[in-house]
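> below are the sequence and a predicted model for it; my questions follow.
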Amino acid sequence: MERFTISLEGRLAKEFDAHIRSKGYRNRSEAVRDMLRSRIEGERLMRDEAPHCVGCLSYVYNHHERDLAERLTEIQHRHHDLVVAATHAHLDHENCIESVIVRGATRDVRALADAVMAERGVRHGNLNLVPVDVQAGRHVHVHARPKS
């Protein structure tokens with residue numbers, strides 16, 4: 001671990017301390033590390049220097065919209081190699097929220113998110129990505145089909 005010192009104006013230091021307390025950090029170092037990671041990874045994503053990612057696509061939609069639930073399911077099936085899991089919850093008599101855990105090439109994950117959020121009736125969509133390194137291993141992608 002490398003140490004460095006920074007100087008802050010008194011007002012900024014107080015605001016920072018209040019902020020990190022409200023977020024539950026135990027000390028300034030933990031908060032600064034998280035802020036730096038977030039900024040560095042965010043910029044890496046914006047510069048397209050993160051070829052692989054994991055993430056969560058969340059969106060709200062009106063399930064009464066004609067065939068929308070089926071269209072959304074079809075999009076997920078077409079991208080089964082990117083979709084790890086999906087959670088669906090009913091918000092009221094008309095609206096649902098889904099959170100889809102994704103993993104894969106960042107370009108492909110973004111294309112999936114764009115396709116979902118462009119569907120008529122989908123609103124409040126958000127994609128949260130975390131860049132990852134991919135390591136070759138013994139795991140192989142397979143298509144699984146029930147035997148009967």
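Perfect, I can see it now.

> please identify the buried residues of the longest helix anywhere in the chain?
Across the chain, the longest stretch assigned as helix under DSSP state H is helix 28-46. Neighbour-count burial for helix 28-46 flags 31, 41, 45 (criterion: 16 or more other CB atoms under 10 Å). Every residue, glycine included, has its C-beta placed from N, CA and C.

> next, format these as TSV and append distance to N128 and pLDDT.
Compiled in TSV, those are given as follows (distance: CB to CB, whole Å; pLDDT from 0 to 100):
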residue	distance to N128	pLDDT
A31	19	90
E41	11	78
L45	10	72
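
> from the contact counts, what lies against the longest helix of the chain?
On a contact count with 3 or more CB pairs under 8 Å, 6 or more residues apart in numbering; DSSP states H and E, helix 28-46 meets helix 10-23, strand 122-131.

> what's the least confident helix or strand in the chain by mean pLDDT in contact with?
In the chain, no helix or strand scores lower on mean pLDDT, DSSP states H and E than helix 28-46, which sits at a mean of 83. Identification of contacts with helix 28-46 by CB atoms under 8 Å, 6 or more residues apart in numbering yields 16-17, 19-20, 23, 25, 50, 53, 106, 129-131.

> can you list the domains in this protein?
Domain assignment of the chain by automatic domain parsing yields the ranges 10-46, 52-131.

> run through this protein and note the low-pLDDT ranges.
136-148 (pLDDT under 70).

> so which residue is dead centre in it?
N128 (2.5 Å; CA atoms, centre = their mean).

> wait, doesn't that one sit right on G55?
Yes - contact status for N128 versus G55: in contact at 5.4 Å, counting by CB atoms under 8 Å.
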